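Asks: Sequence first, then the predicted structure:
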Amino acid sequence: MSSSHAPQPNSELNVKNITIYGTVILLISALTVAGVIAIASSVAHSSNPQEDASAVSRIAPVAKLEVAAVKVAGAAERTGEQLYTAACVACHGSGAAGAPKIGDAAAWKPRLALGLDGLLKSAIKGKGAMPPKGGSDASDTELARAIVHLANASGGKLKAP
């Protein structure tokens, strides 16, 4: 027999060993991951409400911060046109979100029948896609002025407050 055709005595053993070691390592890894997940889920789902409340109180923020626009005392109130330009024109200038466009007398006719008080109540609460006060920080008087500006430019004859 020639040495080139002689079988390697350990080649089958090496393949089997590698396969066994690989399987054992994979199994140990899978069991480790499963154990970590089990421990984490049992810790996350505590059955003691007092412990849960205690943990929540310990990690609660020390203070809360709210940011809001502040009206400066003595600041001049805006005219109806100024508020319309600042807060209303985005929708009422283009008719976006179903808002009646400024100058469209037909669209404004049924709304004008409500009068200033009815229009003001709708604007303060919000209507359809329009948020309360059109999303502005306007006073009720400023809002009434903007409504008069918008309505009168659309065929109304409302009296400014």
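Replies: Good, I have the coordinates. Numbering: from 1, shown residues only.

Asks: contacts, neighbours, all on C-alpha from now
Replies: OK.

Asks: Pass me the low-pLDDT residue ranges in the chain, would you?
Replies: Across the chain, the ranges flagged by pLDDT under 70 are 1-13, 42-49, 61-66, 68-75.

Asks: Could you chop it up by domain?
Replies: 11-59, 80-152 (automatic domain parsing).

Asks: Give me whichever of those domains is most buried.
Replies: Counting by mean count of other CA atoms under 10 Å, domain 80-152 has the highest mean neighbour count of those, with a mean of 17.

Asks: now the helices for this structure?
Replies: Assigned by DSSP state H, the chain shows helices spanning 11-44, 49-59, 80-83, 89-92, 105-112, 115-125, 140-152.

Asks: Next, format those as a markdown table and append distance to Gly98.
Replies: Below are the helices of the chain laid out as a markdown table (distance: least, CA to CA, whole Å):
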| stretch | distance to Gly98 |
| --- | --- |
| helix 11-44 | 48 |
| helix 49-59 | 45 |
| helix 80-83 | 20 |
| helix 89-92 | 8 |
| helix 105-112 | 10 |
| helix 115-125 | 15 |
| helix 140-152 | 15 |
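
Asks: right, and these - which one's nearest Gly134?
Replies: Gly134 lies closest to helix 115-125 among those, at 6.8 Å (CA to CA).

Asks: what's next to the closest one, contact-wise?
Replies: Residues from elsewhere that reach helix 115-125 (CA atoms under 8 Å, 6 or more residues apart in numbering): 111-112, 130-134, 140, 143-144, 147-148, 158.

Asks: which of those sit farthest apart?
Replies: Pairwise distances across these peak at 23.0 Å for Pro131 and Leu158 (criterion: CA to CA).

Asks: now Asp104: how far from Gly118?
Replies: Note on Asp104: its distance to Gly118, by CA to CA, to the nearest Å, is 19 Å.

Asks: Spatially central residue in this structure, please.
Replies: What sits nearest the mean C-alpha location of the chain, by CA atoms, centre = their mean, is Pro131, with 15.1 Å.

Asks: got the contact list for that residue?
Replies: The contact partners of Pro131, taken as CA under 8 Å, 6+ apart, are Lys125.

Asks: any idea how far it is from Ile37?
Replies: Per CA to CA, Pro131 is found 46 Å from Ile37.
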